[in-house]
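# Would you be able to build a 3D model of this:
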Amino acid sequence: MSNALVIIPTYNEKENIHDMIHEVFSLPKSFHLLIVDDGSPDGTAQVVKELQKKFNTSEVKLHLIERSGKLGLGTAYITGFRFAFDKHYEYVLEMDCDFSHNPKDLIRLLAACEEGGYDLAVGSRYSNGVNVVNWPMSRVLMSYFASKYVRFITRMPIHDTTAGFVCYRKTVLQSIHLENIKFIGYAFQIEMKFLAWKYKFKLTEVPIIFTDRTRGQSKMSAGIFKEAVLGVLFMTIHSWFKNYAKV
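Sure, this is the predicted structure:
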């Protein structure tokens with residue numbers, strides 16, 4: 001039985017999901033996987049169901065939650081967090097399905113928490129320069145300076161504030177009141193890190209190389225970053241009037 005659950009939200013990831021699942025289960029460290037699929041019309045969920053027959057033999061380690069439509073990245077992860085609570089996983093990891101996050105880095109993220117004593121480990125593109133491959137310069141600059149802006153406004157000691165490749169210790173997610181999370185898009189990632197920091201958990205960044213997808217269609221847009229940039233102001237101001245106490 002693994003103590004670590006990897007949550008992967010999917011929408012139209014049929015081209016990547018088969019290889020991603022095989023890559024995660026081929027790692028020398030045992031991880032369980034939860035795919036949260038938002039009604040992908042391309043049949044992503046069906047691929048997962050077929051692979052469940054292969055991998056869920058001696059133990060159930062490939063899980064699938066199917067939702068009725070595109071309900072937002074944040075709600076997909078929160079659904080996954082609650083699943084992790086029910087199944088008593090000690091560590092919960094987030095990653096994308098498109099191989100922009102290298103599955104091998106899951107081991108380093110988990111080790112930062114499990115062995116290094118951190119509560120939240122962030123797979124960071126910007127903690128050691130700019131480690132992004134195959135992105136156009138306009139997108140690199142937009143992402144990089146969005147994180148710089150968030151760090152400046154919030155004073156949060158994280159270089160890659162919008163990163164979606166992270167490992168949480170369970171106690172972090174239990175202390176954050178998930179029902180009060182405001183953002184459902186990519187700004188969700190900022191809010192979660194911000195709350196973990198405000199609750200005085202130990203945060204660290206693990207340098208990674210981020211490689212843009214080669215198969216499937218990106219869900220990123222300028223509007224997503226606009227949401228993050230504007231929303232962080234309200235999030236920070238709201239935090240001035242709130243008391244943060246761990247459960």
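
# Who does the spatially most central residue of the chain form a beta bridge with?
Closest residue to the average C-alpha location of the chain: Glu94 at 3.1 Å, with Cα atoms, centre = their mean. Per DSSP bridges, the residues bridged to Glu94 are Ile7, Val166.

# Could you verify my assumption that it touches Leu173?
No - with contact defined as Cβ atoms under 8 Å, Glu94 does not count as touching Leu173 (10.9 Å). C-beta coordinates here come from the backbone N, C-alpha and C atoms, glycine included.

# Which helix or which strand is home to Ala111?
Assigned by DSSP states H and E, Ala111 falls within helix 105-114.

# Neighbouring strands of the next helix or strand after that helix in the sheet, and parallel or not?
Per DSSP H and E, the first helix or strand lying C-terminal to helix 105-114 is strand 120-124. When pairs are called by DSSP bridges, strand 120-124 turns out to pair with strand 166-169 (antiparallel), strand 203-207 (parallel).

# packing partners for the helix or strand that the first one is followed by?
What it means is strand 166-169. Using DSSP H and E, the helix or strand that directly follows strand 166-169 along the chain is helix 170-175. Other helices and strands packing on helix 170-175, by 3 or more Cβ pairs under 8 Å, 6 or more residues apart in numbering; DSSP states H and E, are helix 73-87, strand 91-94.

# who's in contact with the shortest one?
Residues outside strand 91-94 that contact it (Cβ atoms under 8 Å, 6 or more residues apart in numbering) are 3-7, 31, 77, 80-81, 84, 106, 109-110, 113-114, 164-170, 173.

# So among the residues you listed, which ones count as buried?
Buried members of these, scored by 16 or more other Cβ atoms under 10 Å, are 4-7, 31, 77, 80-81, 84, 106, 109-110, 113-114, 164-170, 173.

# what number of residues lie near the closest residue to Val6 other than its chain neighbours?
In space, and not counting its chain neighbours, Val6 is closest to Leu93: 4.6 Å by Cβ to Cβ, 6 or more residues apart in numbering. Applying other Cβ atoms under 10 Å, we find 28 other residues in the vicinity of Leu93.
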